[in-house]
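Enquirer: Compute the structure for the input listed below.
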Amino acid sequence: MFDQSPNTVSSPKLTLKLGLSIDESVQASGIGRTKIYQAIGSGELIAKKCGSRTIITPKHLAAYIDNLPVADFASGEASPNRAA
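Expert: Below is the predicted model of the structure:
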């Protein structure tokens, strides 16, 4: 249990979600909506459809993030697919 006194911050309940909405994917990843839609459109991020709803699995969102280029702050550019 979490201490609910006014001087503490409680952690949110962790739940397993098999599919994320676009907004949940944005919130989970920190990547903007436009970039998420661009990644889906380009095929870099796999999304599923259930009726009109777009669903992204956490596995596919993690794979997309894992495949992003590594930031190279020394040169000011990102290095494509270089291991950290």
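
Enquirer: The chain: helices as residue ranges?
Expert: Counting by DSSP state H, the chain has helices at residues 22-29, 33-42, 58-66.

Enquirer: how about JSON lines for those, with mean pLDDT, mean neighbour count and distance to Leu16 added?
Expert: Using the backbone N, CA and C atoms, a C-beta is placed for each residue, glycine as well. Output for the helices of the chain, formatted as JSON lines (pLDDT from 0 to 100; neighbours: other CB atoms under 10 Å; distance: least, CB to CB, whole Å):
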{"stretch": "helix 22-29", "mean pLDDT": "96", "mean neighbour count": "16", "distance to Leu16": "13"}
{"stretch": "helix 33-42", "mean pLDDT": "98", "mean neighbour count": "14", "distance to Leu16": "21"}
{"stretch": "helix 58-66", "mean pLDDT": "97", "mean neighbour count": "15", "distance to Leu16": "9"}
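
Enquirer: residues in contact with the most centrally placed residue in the chain?
Expert: Taking CA atoms, centre = their mean, the centroid of the chain lies closest to Ser29, which sits 2.7 Å from it. Applying CB atoms under 8 Å, 6 or more residues apart in numbering to Ser29 gives the contacts 36, 61, 65.

Enquirer: swap in Ala39?
Expert: 31, 45, 64 are the contacts of Ala39 under CB under 8 Å, 6+ apart.

Enquirer: For Pro58, see how far away the nearest residue to the second one once chain neighbours are set aside is.
Expert: In space, Leu45 comes closest to Ala39 once its chain neighbours are excluded; the distance is 3.7 Å by CB to CB, 6 or more residues apart in numbering. Applying CB to CB, to the nearest Å, one obtains 15 Å for the distance of Ala39 from Pro58.

Enquirer: try Ile46
Expert: From Ile46 to Pro58 the distance is 12 Å (CB to CB).

Enquirer: Lys35 now?
Expert: 17 Å.

Enquirer: Ile36 too?
Expert: Taking CB to CB, one finds Ile36 at 14 Å from Pro58.
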